[in-house]
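Asker: sharing a sequence plus its predicted fold:
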Amino acid sequence: MFCILSIKAADTKSPVDYVNPLVGTQSKHSLSNGNTYPAIAMPWGMNFWMPQTGKMGDGWSYSYDADKIRGFKQTHQPSPWINDYGQFSIMPTTGKAIFDENERASWFSHKAEVASPYYYRVYLADYDVITEMAPTERAVMFRFTFPENNKSFVTIDAFDNGSYVKVIPEENKIIGYTTKNSGGVPDNFKNYFIIIFDKPFTYVSAVADQKILEKQTESKANHAGAIIGFSTKKGEKVHARVASSFISPEQADLNLRELGNNDFETVKANGKNTWNEVLGKIEVEDDDIDNLRTFYSCLYRSVLFPRKFHEVDAAGKTMHYSPYNGKVLPGYMFTDTGFWDTFRCLFPFLNLMYPSINTQMQEGLVNTYKESGFLPEWASPGHRDCMVGNNSASVVADAYLKGLRGYDIETLYKGLLHGTENVHPDVSSTGRLGHEFYNKLGYVPYNVGIRESAARTLEYAYNDWTIYKLGKALNRPEKELQVFAKRAMNYKNLFDHSSKLMRGKNEDGTFQSPFNPLKWGDAFTEGNSWHYTWSVFHDPQGLIDLMGGKKEFNIMMDSVFIMPPLFDDSYYGTVIHEIREMQIMNMGQYAHGNQPIQHMVYMYNYSGEPWKAQFWTREIMDKLYFATPDGYCGDEDNGQTSAWYVFSALGFYTVCPGTDQYVIGSPLFKSVKLNLENGKQVVIKADNNNRDNRYISTMTVNGQPYSKNYVTHEQLQNGAVIEYKMSPTPNKQRGIQDNDFPYSFSKDEKF
């Protein structure tokens, strides 16, 4: 006898339920699978929280391969390479008071770990303690479930480099500050914190430089801390309400208001609702749950940075501590992003789906310029010396050209002009290093002591085009516009006709020699000539013409994937992780793990072979992205590599921020709805979509046949229905006419 059970489970999953915050955490210095940590946080939240497995000061603060947790850390780290600031940790223990991070570390297992964006739980095996946390933007609630023990403790570690902790037993309270940072802060920088428990203390000690000071309540030292304790019954839950502020201790107390009188479950539920509201702007339907997990995990990463660095005072006004001049000033401030990475599609993604938050970010950029004299290029929390380019121009221009308003665009434009003629006196990556040469010669020379000169030249040329476009929209004088229109063509100065590649050029006009196009770094930034040659975002047709036409251009594009992953690492003297990630992915010279080449496959749309863009975008999505701890193919980098997947899964990508065009690839899902902030909806349907059917056979927009290789921002903002018929074989007759190709400066504008 047997029976057949028919079970139809209702899918009750919400968008945040698909997110895995552990994606990318199986990383190390020599090989990045994301170089992320589980950020337990609100979207764009000021403070993130995380379990800390790495040692104090280690950029790899959580590693999936680790066995022990040292504490639960408030973090503001944008990447391990930039490292952290404003950090302190909390750690429950039992048995005896322990402060040393190695001694207090407890074994844990991922099998007893629950991680979601709004909630984290883990079992600390050495102490038989369950730790849970649920954050708001500037506060967090902890819930510790202790065993029966008359020696249950919580350690507060304010870290080294100057810190202070004070225990106030009569209020079940701990206050203090940490100054630990990795640069980019004024001399008066402090992160003030407040911790309030719901259980009286039966044990108190302060800690100064590893020395436990029994019954003392205050410590100011290089490395300060405190330990409080109590007796607990089996299963007793102890709560800690925590907040912090960069402004003042009083503001930290105000920030506790975010928790209100809510209990832990309410804080957790509110956090889940907030995440579903943000992630739910994109509704995806698909039969492949792995695709859904990868998509929403990438979407989660796309709405973390840049983080809020402002707070709300007692009068309800938005204020911020300036990481540029150390003053407390009114208005918005955001930080922890590098525009070299995120100009490419992260900020355009915000302009499409979350323009209201980027409007605040633009206001923050106004404040940055007023407070420091420069727009930022890499901020954490102030200016940091990292990467090349002047891509604040792209971030500012794309926002305004996509219709964002309500902020001081004239001051931002003034800041852009200033950046083309100046370099920050202390942070050479801010402004334009080599501007004197670039503005005079049309390129930054290879042999004048300025590293990565070709990369700078190519990015400056694109940046100049964005300034030209913004200036045009602002009705700036024609004479001024022509300067930037002319400079936008400076990319041509580095094109070597003999190799059909970009190449460093000396001050006297001769090309660098010898030239190895497989050499990483040198004239380029974290890549080689095969990666950077395509960095002509604003004028692909001009690059096609330089290469001798569409046929030759496509051969060069194809060659990126055909060549073996050979490399020359002599500039670095070692195999940097970006090189290794290219080498092991089995995609030839294509290095998706780093940003310079991420737009390249979409350029087939400009050269009459759009089906190759469809093939390769799917290949990259299918092979290089997963919702697993090793789910990225290189550094995730503040949402950029994730936003590439989000855009590409929708079926298009921003090759050239500053245009109104989204260049078409291959949609991943059967159905997607974009719920825009203006109340309109974009519906993207591909009913017969699957892993085999990656090619676009036909396409309609609002019911009309559509052959162009792009859709416009205006089309999407007005609401649209985009429908695809997918096929296992390419349609080589669609999108091959010149009027189907996306924008190119030299083709589409007279200047």
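Answerer: That came through fine.
Asker: use CA for all of it now, contacts and neighbours both
Answerer: Will do.
Asker: what lines up beside whichever strand or helix holds Glu132 in the sheet?
Answerer: Following DSSP states H and E, one finds Glu132 within strand 129-135. Next to strand 129-135 in the sheet, as set by DSSP bridges, lie strand 119-124 (antiparallel), strand 139-146 (antiparallel).
Asker: deepest of those, which one?
Answerer: By mean neighbour count, with neighbours taken as mean count of other CA atoms under 10 Å, strand 139-146 ranks first of the strands paired with strand 129-135 at a mean of 24.
Asker: elements contacting the helix or strand containing Ala226?
Answerer: Using DSSP H and E, Ala226 sits within strand 224-232. Packing contacts for strand 224-232, counted by 3 or more CA pairs under 8 Å, 6 or more residues apart in numbering; DSSP states H and E, involve strand 149-157, strand 163-168, strand 203-208, strand 218-221.
Asker: what's the next helix-or-strand element following that strand in contact with?
Answerer: Note on strand 224-232: by DSSP H and E, the next helix or strand toward the C-terminus is strand 236-245. Outside of strand 236-245, the residues within contact range by CA atoms under 8 Å, 6 or more residues apart in numbering are 138-148, 191-199, 251-253, 255-256, 259, 311.
Asker: sorry, back to before: the strand holding Ala226: partners in the sheet, and parallel or antiparallel?
Answerer: By DSSP bridges, strand 224-232 pairs with strand 149-157 (antiparallel), strand 203-208 (antiparallel).
Asker: in a markdown table: the ones you listed, plus mean neighbour count.
Answerer: Below are the strands paired with strand 224-232 laid out as a markdown table (neighbours: other CA atoms under 10 Å):
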| stretch | mean neighbour count |
| --- | --- |
| strand 149-157 | 22 |
| strand 203-208 | 22 |
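Asker: what's the closest of the ones you listed to Ala473?
Answerer: Using CA to CA as the criterion, the shortest distance between Ala473 and these is 51.8 Å, found for strand 149-157.
Asker: which residues of the stretch 351-500 of the chain fall in strands?
Answerer: Assigned by DSSP state E, counting those that start in this stretch, the stretch 351-500 of the chain shows strands spanning 378-379, 495-496.
Asker: likewise for the stretch 551-700 of the chain?
Answerer: 652-653, 661-664, 671-675, 681-685, 695-701.
Asker: correct me if wrong: Gln541 contacts Asp748.
Answerer: No. At 9.7 Å, Gln541 does not count as touching Asp748 under the criterion of CA atoms under 8 Å.
Asker: more crowded one of the two?
Answerer: Gln541 (25 against 11; other CA atoms under 10 Å).
Asker: for the more buried one, helix, strand, or coil?
Answerer: Secondary structure for Gln541, judged by DSSP: H, G, I helix; E, B strand; the rest coil, is helix.
Asker: nearest residue to it in space, please, no chain neighbours.
Answerer: Once flanking residues are discounted, Gln541 sits nearest to Ser744: 5.6 Å by CA to CA, 6 or more residues apart in numbering.
Asker: quick check: phi and psi at Pro705.
Answerer: Dihedral angles of Pro705 (phi, psi; degrees, to the nearest 10) stand at phi -50, psi 140.
Asker: again, but for the one 5 residues further on
Answerer: Geometry field for Tyr710 lists phi and psi as phi -160, psi 160, criterion degrees, to the nearest 10.
Asker: list the contacts for it?
Answerer: Phe652, Gln661, Tyr662, Val663, Ile664, Asp740, Phe741, Pro742.
Asker: so what touches the strand holding Glu132?
Answerer: In contact with strand 129-135 (CA under 8 Å, 6+ apart) are residues 40-42, 48-49, 92-93, 118-124, 140-147, 264, 267-268, 271.
Asker: what's the residue most central in space within the chain in contact with, if anything?
Answerer: Residue closest to the average C-alpha location in the chain (CA atoms, centre = their mean): Asn638, at 1.3 Å. Contacts for Asn638 were tallied using CA under 8 Å, 6+ apart; they are Pro78, Ser79, Arg301, Ser302, Leu304, Phe305, Pro306, Asp336, Thr337, Gly338, Asp341, Thr342.
Asker: for Met556, find the nearest of the strands paired with strand 224-232.
Answerer: Proximity to Met556 (CA to CA) singles out strand 149-157 among those, at 54.9 Å.
Asker: how far off centre is that closest one?
Answerer: Mean-position distance between strand 149-157 and its chain equals 36 Å (CA atoms, centre = their mean, to the nearest Å).
Asker: now the angle from that strand to strand 163-168?
Answerer: Here the directions of strand 149-157 and strand 163-168 differ by 140 degrees (axes from the mean of the first three to the mean of the last three CA atoms, to 10 degrees).
Asker: now do strand 149-157, average pLDDT.
Answerer: Per-region confidence: strand 149-157 scores 97 on mean pLDDT.
Asker: with stretch 187-194 instead?
Answerer: 98.
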